[in-house]
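Q: this one's sequence-less:
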């Protein structure tokens, strides 16, 4: 699917969002990565000079925290993109309104000069 942002008829910006079904190969790769991440979480231990091994839930919480950080970064990136689109739209709208105002003013001036 695609988002089309029209800028007051002046210009159109297209942003593509890919929402395709994953291929079987991608599904297999995702499962392998998930399995590897689970193994890493379950087998992670502290160095021997420390007392107990790291509990799996603590390591899992760290993985979740890392994912949350990455998602937040992506969210901020997308938010910045949307802000740029809106600003461009505002600028284009202002330019269009100014041109329209000048055109109307010019027409009124010409009528008054006759």
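A: Sure thing, it's come through. The structure presented is a predicted model; accordingly, all values stated were derived computationally and were not measured.

Q: longest single helix anywhere in the protein?
A: helix 56-113 (DSSP state H).

Q: Determine the set of other helices and strands touching that one.
A: Here helix 56-113 touches strand 2-7, strand 11-16, helix 24-43, going by 3 or more CB pairs under 8 Å, 6 or more residues apart in numbering; DSSP states H and E. Where you see a C-beta, it was placed from the backbone N, CA and C, and this is true even at glycine.

Q: go with 7 Å
A: Using 3 or more CB pairs under 7 Å, 6 or more residues apart in numbering; DSSP states H and E, the elements in contact with helix 56-113 are strand 2-7, helix 24-43.

Q: so for that helix, what's the average pLDDT?
A: If you average the pLDDT over helix 56-113, you get 87.

Q: Helix 24-43 and that one, what's the angle between them?
A: Angle, helix 56-113 to helix 24-43, by axes from the mean of the first three to the mean of the last three CA atoms, to 10 degrees: 130 degrees.

Q: Going forward, the N-terminal residue is numbered 485.
A: New numbering, starting at 485: the last item is helix 540-597.

Q: Comparing the helices and strands packed on helix 540-597, which yields the minimum mean pLDDT?
A: Among the helices and strands packed on helix 540-597, strand 486-491 scores lowest, with a mean of 44.

Q: Right, I'll leave it there.
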